[in-house]
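> The following block contains a protein sequence and its predicted model.
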Amino acid sequence: MVHFFLLKNQTLNKFCFDSAANICNFEDTYHLSNFSNMQYRQSHYNKPQNDFAHYIFDGDEETPLLEYLYKTIKGSRSKIKATLQGRGIKVNGKVVTQFNFPLTPGAKIAVSQHKSDNTFKNRYVSIVYEDRWLIVVEKKIGILSMAAGHSSLNVKSVLDDYFRKSRQRCTAHVVHRLDRDTSGLMIYAKDMETEQRLEHDWHNIVYDRRYVAVVSGEMEDDEGTISNWLKDNKAYITYSSPFDNGGKYAVTHFHVLDRTTEHSLVEYKLETGRKNQIRVHSADMGHPVCGDVKYGNGDDPIHRLCLHAYLLCFTHPMTGEKMEFETMIPADFRKLFK
């Protein structure tokens, strides 16, 4: 199982580049492990040549490249990652960008001494994880998941631009969505086969999705479940019914994390994934999501929709590996409960 916990402003970005076979030739995963007890023996075998510093890995067993770099190179971890992501590391003469590239005893490592500008930077999107089949991102508020109407600002376009600039011959395939003003974790496929596997078996592949929200008022119950049928009216407003109204059955589990007399911090776990499900169910309970102009009551303490997709767990559609991603609860949510 691969578990990722993302600290604020910290992401595990991986970059892949096209191979001779014209595919995104990425090794599968990166897992930052603690190798504090491992001992490394390395020697600096040459002075910098052509603006590279050169090293030989003289360890006794196979070791992930990034961990070796952390142990060997002076500088911050973020700078070391940026060098690796920016194609500034060579192993045995070949450029390597994989965090978990396996170093074998005797491997020769060359490290660029120049700062690279090739790392991914975007104010709305952070790359959390990437392999040859899919990419996981954290979306900020104010950006659509995909193009709609005349809006040009969307995550798919941002990723397609990144793939093009990093010379990957793939595009972002949308497999699920978050509203423009909902932040949090999302998956995009990088090829049609991965997209189809995710779409056709989404309910089984994604085994845990959780959101955190600030809702209006003090929640009475510590936890519970709300279920009903959701359907859009002619104005595209989703409404609920305790009876089958021809809509889609929706189930949401909730757990209160914190509360004041004015607001509650609530974790929502989705059993189904319907349009506006959490927002409608929160309103049904008499505690709408703060900042919700569509289903809310005008309570807008931090001037945004207070809904964040903070946990995403799925079985990798191609490798079968358990993947778990978690972000911090937004700081502006937390401030309301100090």
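Done, it's in.

> for the residue lying closest to Thr104 once chain neighbours are set aside, phi and psi?
When the adjacent residues along the chain are set aside, Thr104 lies closest to Glu62, with 5.6 Å between them (CB to CB, 6 or more residues apart in numbering). Where you see a C-beta, it was placed from the backbone N, CA and C, and this is true even at glycine. In this entry, Glu62 is assigned phi and psi values of phi -60, psi 140 (degrees, to the nearest 10).

> Could you verify my assumption that Glu62 touches Leu103?
Yes: applying CB atoms under 8 Å as the test, Glu62 and Leu103 come out as touching, 6.7 Å apart.

> which of these two has more neighbours?
Under the neighbour definition other CB atoms under 10 Å, Glu62 and Leu103 were set side by side, and Leu103 has more, 24 against 11.

> what are the bridge partners for the more buried one, then?
The partner list for Leu103 in beta bridges (DSSP bridges) reads Thr63.

> just checking, it touches Lys71?
No: with contact taken as CB under 8 Å, Leu103 and Lys71 are classed as non-touching, separated by 11.1 Å.

> Find the centremost residue of this structure, please.
In the chain, the C-alpha nearest the mean C-alpha coordinate belongs to Val137, at 3.3 Å (CA atoms, centre = their mean).

> Pull up the pairing partners for the helix or strand that contains it, direction included.
If you go by DSSP states H and E, Val137 is part of strand 134-139. According to DSSP bridges, strand 134-139 has the following sheet partners: strand 125-130 (antiparallel), strand 183-189 (antiparallel).

> Give the helix, strand or coil label for Tyr207.
In terms of secondary structure, Tyr207 is strand; the call rests on DSSP: H, G, I helix; E, B strand; the rest coil.

> Contact partners for it?
For Tyr207, the contacting residues are Cys313, Phe314, Thr315, taking CB atoms under 8 Å, 6 or more residues apart in numbering as the criterion.

> List the contacts of the spatially closest residue to the second one that is not a sequence neighbour.
By that I understand Phe314. Counting by CB to CB, 6+ apart, Phe314 lies nearest to Val206, which is 4.5 Å off, once chain neighbours are set aside. With contacts defined as CB under 8 Å, 6+ apart, the neighbours of Val206 are Leu312, Cys313, Phe314.

> among the residues you listed, who's most crowded?
When these are compared by neighbour count (other CB under 10 Å), Leu312 ends up highest, at 24 neighbours.

> Quick check, pLDDT for it.
Per-residue confidence (pLDDT) for Leu312: 94.

> isn't there a strand covering it?
Yes: when the secondary structure is assigned by three-state DSSP, Leu312 falls within a strand.

> Quick check: it vs Cys170, distance?
Plainly put, Leu312 is 21 Å away from Cys170 if you go by CB to CB, to the nearest Å.

> and Gln196, what element?
helix 192-200.

> which helices and strands sit right next to whichever helix or strand Asp161 is part of?
Element membership of Asp161 [criterion: DSSP H and E] is helix 155-165. Taking 3 or more CB pairs under 8 Å, 6 or more residues apart in numbering; DSSP states H and E as contact, the helices and strands that helix 155-165 lies on are strand 125-130, strand 134-139, strand 183-189.

> 10 Å instead, please
In terms of contact count using 3 or more CB pairs under 10 Å, 6 or more residues apart in numbering; DSSP states H and E, helix 155-165 is assigned the packing partners strand 125-130, strand 134-139, strand 173-174, strand 183-189.

> In CSV, list the ones you listed along with distance to Glu321 and mean pLDDT.
Written out in CSV, the entries for the helices and strands packed on helix 155-165 read as follows (distance: least, CB to CB, whole Å; pLDDT from 0 to 100):
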stretch, distance to Glu321, mean pLDDT
strand 125-130, 11, 87
strand 134-139, 12, 93
strand 173-174, 20, 96
strand 183-189, 14, 97
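
> Could you save the ones you listed as a markdown table and add columns showing distance to Val266?
As requested, the helices and strands packed on helix 155-165 are exported to a markdown table (distance: least, CB to CB, whole Å):
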| stretch | distance to Val266 |
| --- | --- |
| strand 125-130 | 23 |
| strand 134-139 | 20 |
| strand 173-174 | 27 |
| strand 183-189 | 15 |
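
> Which one, of those, ends up nearest to Val158?
Comparing the helices and strands packed on helix 155-165 against Val158 with CB to CB, the closest turns out to be strand 125-130 (5.0 Å).

> need the next SSE after the helix-or-strand element of the chain with minimal mean pLDDT, C-terminal direction.
When the helices and strands of the chain are scored by mean pLDDT, DSSP states H and E, strand 42-49 comes last with a mean of 38. Past strand 42-49, further along toward the C-terminus, the next helix or strand under DSSP H and E is strand 52-57.

> so how far is that following strand off the chain centroid?
Remark: strand 52-57 is offset 33 Å from the chain centroid, using CA atoms, centre = their mean, to the nearest Å.
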